[in-house]
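Visitor: Give me a 3D structure for the following:
(2 chains)
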There are 2 protein chains.
Amino acid sequence: MNAKRSMNKKDFMRGAIQLSKEKMLENNGGPFGAVIVKDGRIIAEGYNQVTSRNDPTAHAEIVAIRKACDELNTFHLTGSEIYCSCEPCLMCLSAIYWARIEKIYYANSREDARLIGFDDDLIYEELSRERQYRKIPAVQLLPEEGKEAFKAWEEKVDKTLY
Amino acid sequence: MNAKRSMNKKDFMRGAIQLSKEKMLENNGGPFGAVIVKDGRIIAEGYNQVTSRNDPTAHAEIVAIRKACDELNTFHLTGSEIYCSCEPCLMCLSAIYWARIEKIYYANSREDARLIGFDDDLIYEELSRERQYRKIPAVQLLPEEGKEAFKAWEEKVDKTLY
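Guide: Modelled structure (predicted):
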């Protein structure tokens, strides 16, 4: 039983790795693929399409999450696992949390990615700096007016929580 | 001149705040809006559509970035600023870095968001834990096979860098 589960995991990962190579060679984007699995079945696949779709958010994991949610008609992927050909960047890692995926498998590590020029260290480093002193500074503006929308959300009786 | 620039910034932010309230009241999602500006002109707007589109990645900023890139036919938004009705979550902050937006303005802070139930503290906390011990554990699988795609990327002569 364990041997069988273990083989399935490797199969899923091989699928993600295959996407990462094939779709990159077809000029879709960087060498990254992802497969989302629920109840032992592949729900969705994704591969990097940043340069072909002109979408800096079209990382393999984001593409796969959007497809999986569309497929299952839900905004939460509870009970799912994601197989990533490379450890997710901070954007994708956060998306995985928002999507409530429950486990991540990855082949290449962040360190491996850095060696071929894909580096999210800067973003990690920025988090330790005060917002206004980052390379992309964040400045607060009109906080009192902003709060009106939050108050309206709190008062809304028929809201859909997520 | 300074007064005029300052007014424009407030106008852009008011646009983001208005989206955050109106689109939420129309049941598109949570109370979040964003406006991307380049050369003093609004390139794209976005609002949260997580629950209406079944897309956990459809935060205001991500929606706006995708639209702005589509509008400008590019995967980099160099020279742009983003006006967010709330400080970006870690997913959106990372997307802003990947998109090469140059400045962030926000009205509500992360702390304000937490007070109405939108909390990305968990994701920040997870970053200090070893990958395999996180609430969403990350486990490495088939690293040697994964490297094949990275090697193919390095060897590809006609690749588009991003």
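
Visitor: Now do the helices in chain A.
Guide: A:2-25, A:50-53, A:60-72, A:90-98, A:110-115, A:121-126, A:143-155 (DSSP state H).

Visitor: Out of these, which one sits most buried?
Guide: helix A:90-98 (a mean of 26; mean count of other C-beta atoms under 10 Å in any protein chain shown). From N, CA and C alone the C-beta is placed, and that goes for glycine too.

Visitor: which one of the helices of chain A lies closest to chain B?
Guide: Between chain B and the helices of chain A, the tightest spacing by C-beta to the nearest C-beta is seen for helix A:143-155, at 2.7 Å.

Visitor: mean pLDDT for the helices of chain A: which is lowest?
Guide: In terms of average pLDDT, helix A:2-25 trails the rest of these, at a mean of 85.

Visitor: who does that helix touch, helix- and strand-wise?
Guide: Packing partners of helix A:2-25 (3 or more C-beta pairs under 8 Å, 6 or more residues apart in numbering or on different chains; DSSP states H and E): strand A:33-38, strand A:41-47, helix A:60-72, strand A:80-86, strand A:103-108, helix B:143-155.

Visitor: Out of those, the one nearest A:Phe118 is which?
Guide: strand A:80-86 (7.7 Å; C-beta to C-beta).

Visitor: The closest one close to chain B?
Guide: Yes. Using C-beta under 8 Å from any C-beta of the partner chain, strand A:80-86 reaches chain B at A:Tyr83, A:Ser85, A:Cys86.

Visitor: what number of residues lie near the residue nearest to A:Ser109 when sequence neighbours are not counted?
Guide: In space, and not counting its chain neighbours, A:Ser109 is closest to A:Glu87: 5.1 Å by C-beta to C-beta, 6 or more residues apart in numbering or on different chains. A:Glu87: 22 surrounding residues under other C-beta atoms under 10 Å in any protein chain shown.

Visitor: unless I'm mixing things up, A:Glu87 is touching A:Tyr105, no?
Guide: No. A:Glu87 lies out of contact with A:Tyr105 (C-beta atoms under 8 Å); the separation is 9.8 Å.

Visitor: Report the set of residues contacting both of these two.
Guide: Listed contacts common to A:Glu87 and A:Tyr105 are B:Ala138; contacts here mean C-beta atoms under 8 Å, 6 or more residues apart in numbering or on different chains.

Visitor: hmm, who's touching stretch A:122-141?
Guide: Against stretch A:122-141 from outside (C-beta under 8 Å, 6+ apart): A:89-90, B:9-10, B:13, B:83, B:87-88, B:93-94, B:96-97, B:101-107, B:109, B:124, B:127.

Visitor: how does it look with 10 Å?
Guide: A:89-91, A:110, A:146, B:6, B:9-10, B:12-14, B:16-17, B:81-84, B:87-88, B:90, B:93-110, B:124, B:127 (C-beta atoms under 10 Å, 6 or more residues apart in numbering or on different chains).

Visitor: Skipping its backbone neighbours, what lies nearest the residue nearest in space to the middle of chain A in space?
Guide: Within chain A, the residue whose C-alpha comes closest to the C-alpha centroid is A:Cys92; the distance, by C-alpha atoms, centre = their mean, is 2.5 Å. Take A:Cys92 and drop its neighbours on the chain: the residue closest to it by C-beta to C-beta, 6+ apart is A:Glu61, 3.8 Å away.
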